[in-house]
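Q: pasting the sequence and the predicted coordinates here, then a few questions.
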Amino acid sequence: MNNINHSKNQLLDIVMPPAPPEAVSYTSITVISISIGLIVILGLLQLYKSNFKYRIRISRLQKELQASLITPQQAAYQLANILKSAHKTNDLKNIDAGNTKEKTAFLTQLSNYRYSSHKIELSDILNLMDDAKHWLKRRPL
């Protein structure tokens, strides 16, 4: 009996097992990941919806022209088709943008290059393509 009384007076050397780790909540990580993914996807869709694809087409057209894969007159026809497609119209006169003098001068020059019987300078058509990129900026979304 003395042994039992003796153990009551002293601390017992018992170590409790460690507490289990807290469960990791993946809901916040999942919500953040999905949110970031949606923002990226919506940004890319907006970029695609904008005139970015038409600028790429004009840049490819410029590269083809500089590599002499197409003639300047063919490039002018393709440029007109790109602008029609970008502005969703069948007639370039229906382009709704800015100053009418600039618009008239641009369209006159484009028509002259498309229907010209003489040789067109490469630099002239490349300048016209650069101007066309500015017209794409003015395109309503």
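A: Arrived safely. Remember, predicted model here, so these are calculated numbers, not experimental data.
Q: only C-alpha atoms for contact and neighbour calcs from this point on.
A: OK.
Q: now for the longest helix along the chain, which elements pack on it?
A: Using DSSP state H to define each element, the chain has its longest helix at helix 27-49. Using 3 or more C-alpha pairs under 8 Å, 6 or more residues apart in numbering; DSSP states H and E, no helix or strand is in contact with helix 27-49.
Q: which of the residues in the helix or strand following it are buried?
A: Downstream of helix 27-49, the next assigned helix or strand under DSSP states H and E is helix 52-66. Of all the residues in helix 52-66, those buried under the rule 16 or more other C-alpha atoms under 10 Å are 54-55, 58-59, 61-62, 65.
Q: likewise for stretch 108-117?
A: 110-111, 113-114.
Q: same list (these) but as TSV, adding secondary structure and pLDDT.
A: Shown next, in TSV, are these (DSSP: H, G, I helix; E, B strand; the rest coil; pLDDT from 0 to 100):
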residue	secondary structure	pLDDT
110	helix	82
111	helix	83
113	helix	81
114	helix	83
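Q: wait, which of those residues is closest to residue 77?
A: Using C-alpha to C-alpha, residue 114 comes nearest to residue 77 of these, at 5.8 Å.
Q: residue contacts, that closest one?
A: The contact partners of residue 114, by C-alpha atoms under 8 Å, 6 or more residues apart in numbering, come to 73-74, 76-77.
Q: the longest helix of the chain to helix 52-66, inter-axis angle?
A: Angle of helix 27-49 versus helix 52-66, following axes from the mean of the first three to the mean of the last three C-alpha atoms, to 10 degrees, is 50 degrees.
Q: and the average pLDDT for helix 27-49 is what?
A: Mean per-residue pLDDT for helix 27-49: 88.
Q: CA atoms of it as CSV?
A: Output of helix 27-49 as CSV, limited to C-alpha atoms (Å, rounded to 0.1, in the frame of the first residue of the first chain):
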residue,chain,number,x,y,z
THR,A,27,-11.0,25.6,-50.5
SER,A,28,-9.3,29.0,-50.3
ILE,A,29,-6.5,27.8,-52.6
THR,A,30,-9.0,26.4,-55.0
VAL,A,31,-11.1,29.6,-55.1
ILE,A,32,-8.0,31.7,-55.6
SER,A,33,-6.7,29.4,-58.4
ILE,A,34,-10.1,29.4,-60.2
SER,A,35,-10.4,33.2,-59.8
ILE,A,36,-6.9,33.7,-61.3
GLY,A,37,-7.7,31.3,-64.1
LEU,A,38,-11.0,33.0,-65.0
ILE,A,39,-9.2,36.4,-65.0
VAL,A,40,-6.6,35.1,-67.4
ILE,A,41,-9.2,33.5,-69.6
LEU,A,42,-11.4,36.6,-69.7
GLY,A,43,-8.3,38.7,-70.5
LEU,A,44,-7.4,36.5,-73.4
LEU,A,45,-10.9,36.5,-74.7
GLN,A,46,-11.1,40.2,-74.5
LEU,A,47,-7.7,40.4,-76.3
TYR,A,48,-9.0,38.0,-79.0
LYS,A,49,-12.3,39.9,-79.3
